[in-house]
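> sequence plus the predicted model coming up.
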Amino acid sequence: MTELELRTTAMAVGGEAVAREPSGRVVFVAGAAPGETVLVHLTDERRTFARGSVLQVVSASPDRVEPPCPHVAEGCGGCDWQHLALDAQARLRRELVADVLRRDGGVADPVVVAGPEVPAARVRTTVRGTVGADGRFAFRRRRSHEPVPVASCLVAHPLVDEVLAEGRFDDADEVTVRVGARTGERLVVVGPTAAGVVVPSDVTVVGADQLRAGHRAWIHEEAAGCTWRVSAGSFFQASPEGAEALVAAVGAAVARWAPDVERLVDLCCGVGLFAGTVGVGRSVVGVERSASAVADARHNLADLAHARLVKVALARWRPSPADVVVADPARSGLGADGVRSVAATGAGLCVLVSCDPASLGRDARLLSAAGYRHVGSSVLDLFGHTGQVEVVSAFAGEDGAAGGGAGG
Ligand SMILES: C[S@@+](CC[C@H](N)C(=O)[O-])C[C@H]1O[C@@H](n2cnc3c(N)ncnc32)[C@H](O)[C@@H]1O
């Protein structure tokens with residue numbers, strides 16, 4: 001086992017701290033904070049970089065705290081930033097975003113501000129994991145498939161936590177627990193089948209095999225003044241508080257940079273979150289490739305007079321004219337095809353929701369090449385105690401409604 005003492009300098013995309021060996025090779029260190037001296041155990045060595053984890057903190061950052069959840073010490077890989085104070089987590093996320101916008105996005109002096117606050121603990125309404133030898137729910141050890149059973153999870157909503165504590169999933173290897181925090185509805189999706197599952201009596205249980213065979217199951221959640229139907233196979237934000245923070249940030253960007261627009265495209269619209277809130281009173285087109293999410297969106301947006309849904313993959317969508325595009329793509333970002341589609345709508349404003357800083361950097365560069373200037377980003381802490389980053393960024397087209405100044 002290779003051990004060495006290193007000085008960390010910054011946080012990298014992915015949530016590990018960066019250090020350099022005397023040879024110059026970069027080492028990504030899990031469990032460290034920037035500005036620390038740590039004894040590191042190297043777990044993965046490549047020619048150009050290595051990965052390791054902290055064996056001992058020699059000189060601690062003032063941002064370091066005792067992890068609030070006991071499962072961190074047991075190796076649970078669910079939350080990789082519990083060793084950082086919450087205000088430091090928020091600051092580091094903003095620094096990461098500003099760094100990728102400068103370095104990868106080519107934005108000289110990016111305006112990056114904090115978005116609406118979201119509680120870090122007891123809010124997550126979806127958790128995914130595996131099953132331990134005793135049939136109980138387990139998360140996986142970091143960078144491993146090994147299960148770490150957890151009877152309680154710091155970040156999970158209490159309605160989820162109860163299922164983690166009481167559930168028995170003997171024959172399963174994949175478990176997703178999903179709840180409507182504000183409706184009390186609960187759903188468990190179990191793979192490969194739901195046979196032999198024991199959960200509290202109100203919980204709907206469905207097997208991955210049943211979903212593949214066309215069985216439908218859903219919960220409802222309340223957020224941003226609406227009730228959302230969310231099927232087992234549809235995406236929804238990690239908490240209703242998170243969904244509301246995103247709607248507020250996207251709504252603020254539209255209100256600030258393109259207040260009077262009429263036509264809005266909601267790209268990668270999921271169950272219709274932005275179309276059904278920011279799109280109210282406007283003509284809206286929602287674009288989404290998941291059949292289950294489109295079915296939910298049709299249900300959720302049934303009362304909107306001017307909403308149209310298109311079930312298609314982004315790369316095959318024939319863009320319709322728009323004043324604003326709100327795009328909330330998967331981790332890989334918009335990419336060249338997506339940015340071409342945004343530009344082809346003729347929109348004067350693109351509000352991009354990114355869940356991965358690396359793809360934000362790439363998309364910012366592509367949008368700039370397509371004539372969209374970055375005017376500001378809000379960073380939201382939707383995934384407290386983790387290095388996961390959620391960013392709402394506004395990009396103004398050359399002839400768009402937006403002018404210069406700070407974002408928000
Ligand atoms: C991060 S979610 C956002 C959903 C929605 N905006 C929300 O906030 O609830 C991304 C959505 O994009 C959809 N998606 C992923 N890749 C896509 C593609 N290539 N074309 C169209 N939709 C896609 C997913 O099914 C998912 O619903």
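Everything's here; your move. For clarity, every value in this text was computed on a predicted model and none was experimentally measured.
> in what helix or strand does the residue of the chain found nearest the ligand lie?
In the chain, the residue found nearest to the ligand is residue 270; the distance is 2.7 Å by Cβ to the nearest ligand atom. C-beta coordinates here come from the backbone N, C-alpha and C atoms, glycine included. Taking DSSP states H and E as the definition, residue 270 sits outside all helices and strands.
> ok, now which ones touch residue 273?
By Cβ atoms under 8 Å, 6 or more residues apart in numbering, the contact set of residue 273 is 223, 224, 228, 236, 237, 243, 246, 247, 328.
> quick one: name the residues of this structure near the ligand.
Taking Cβ under 6 Å from any ligand atom, the part of the chain that reaches the ligand is made up of 235-237, 268-271, 273-274, 288-290, 293, 313-314, 328-330, 355.
> report the buried members of the residues you listed.
Buried members of the residues of the chain next to the ligand, counted by 16 or more other Cβ atoms under 10 Å: 235-237, 268-271, 273-274, 288-290, 293, 314, 328-329, 355.
> among those residues, name the ones in helices.
residue 293 (DSSP state H).
> closest one to residue 198 out of the contacts of residue 273, please.
residue 236 (25.7 Å; Cβ to Cβ).
> go ahead and confirm that closest one touches residue 271.
Yes: under the criterion of Cβ atoms under 8 Å, residue 236 makes contact with residue 271 at 6.2 Å.
> overlap in contacts, those two.
228, 230.
> quick one: contacts for the residue of the chain closest to the ligand?
Taking Cβ under 8 Å, 6+ apart as the test, what residue 270 contacts is 234, 235, 236, 288, 290, 293, 296, 297, 328.
> cool, and residue 237?
223, 243, 246, 273, 382.
> returning to that earlier point: between the contacts of residue 270, which is nearest residue 109?
Using Cβ to Cβ, the contacts of residue 270 come closest to residue 109 at residue 328, 25.7 Å.
> in which helix or strand does the nearest residue to that closest one once chain neighbours are set aside reside?
Among residues not flanking residue 328 along the chain, residue 353 sits closest, at 3.9 Å (Cβ to Cβ, 6 or more residues apart in numbering). Element membership of residue 353 [criterion: DSSP H and E] is strand 349-354.
> tell me the gap between that strand and the middle of its chain.
How far strand 349-354 lies from its chain's middle: 14 Å, per Cα atoms, centre = their mean, to the nearest Å.
> now stretch 158-175
The answer for stretch 158-175 is 23 Å, by Cα atoms, centre = their mean.
> tell me the buried residues in that stretch?
Going by 16+ other Cβ under 10 Å, stretch 158-175 has these buried residues: 159, 160, 161, 162, 163, 164, 167, 169, 172, 175.
> farthest-apart pair in these, please.
Maximum distance among the buried residues of stretch 158-175 (Cβ to Cβ): 19.9 Å, for 159 and 172.
> which residues touch residue 203?
By Cβ under 8 Å, 6+ apart, the contact list for residue 203 reads 163, 186, 187, 188.
> direction included, what does the helix or strand hosting the third one pair against?
Using DSSP H and E, residue 187 falls within strand 186-191. Looking at strand 186-191 with DSSP bridges, its partner strands are strand 174-179 (antiparallel), strand 204-207 (parallel).
> looking at those, which is closest to residue 368?
strand 174-179 (37.7 Å).
> what sits up against the closest one?
Residues outside strand 174-179 that contact it (Cβ under 8 Å, 6+ apart): 125-131, 137, 156-157, 159-160, 163-164, 167, 169, 185-192, 208, 219, 230, 232.
> now do stretch 36-51
1-8, 16-17, 19, 21, 25-30, 32, 52-61, 64, 143.
> from the residues you listed, which would you call buried?
Looks like the contacts of stretch 36-51 have 4, 6, 8, 16-17, 19, 27-30, 32, 52-54, 57, 61, 64 buried, using 16+ other Cβ under 10 Å.
> of these, which belong to strands?
Using DSSP state E, 4, 6, 8, 17, 19, 27-30, 52-54, 57 are the members of those that sit in strands.
> nearest to residue 347, of the residues you listed?
Nearest member of these to residue 347, counting by Cβ to Cβ, is residue 28, at 37.5 Å.
> that older thread, with pLDDT added, can I get the contacts of residue 270 in a markdown table?
Below are those laid out as a markdown table (pLDDT from 0 to 100):
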| residue | pLDDT |
| --- | --- |
| 234 | 98 |
| 235 | 98 |
| 236 | 98 |
| 288 | 98 |
| 290 | 98 |
| 293 | 98 |
| 296 | 98 |
| 297 | 98 |
| 328 | 98 |
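> pull the most distant pair out of those residues.
Most distant of the contacts of residue 270, by Cβ to Cβ, are 296 and 328, 15.0 Å apart.
> now do the strands in the stretch 301-408 of the chain.
Secondary structure of the stretch 301-408 of the chain by DSSP state E, counting those that start in this stretch: the strands cover 307-311, 324-327, 349-354, 372-380, 390-397.
> how about the ones you listed in CSV, adding mean pLDDT and distance to residue 118?
Converted to CSV, those look like this (pLDDT from 0 to 100; distance: least, Cβ to Cβ, whole Å):
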stretch, mean pLDDT, distance to residue 118
strand 307-311, 97, 27
strand 324-327, 98, 19
strand 349-354, 98, 14
strand 372-380, 98, 6
strand 390-397, 98, 9
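> now those as CSV including mean neighbour count?
Putting the strands of the stretch 301-408 of the chain into CSV (neighbours: other Cβ atoms under 10 Å) gives the following:
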stretch, mean neighbour count
strand 307-311, 18
strand 324-327, 29
strand 349-354, 27
strand 372-380, 24
strand 390-397, 27
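> just send these back as JSON lines, with distance to residue 107 too.
As requested, the strands of the stretch 301-408 of the chain are arranged in JSON lines below (distance: least, Cβ to Cβ, whole Å):
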{"stretch": "strand 307-311", "distance to residue 107": "31"}
{"stretch": "strand 324-327", "distance to residue 107": "17"}
{"stretch": "strand 349-354", "distance to residue 107": "13"}
{"stretch": "strand 372-380", "distance to residue 107": "5"}
{"stretch": "strand 390-397", "distance to residue 107": "9"}
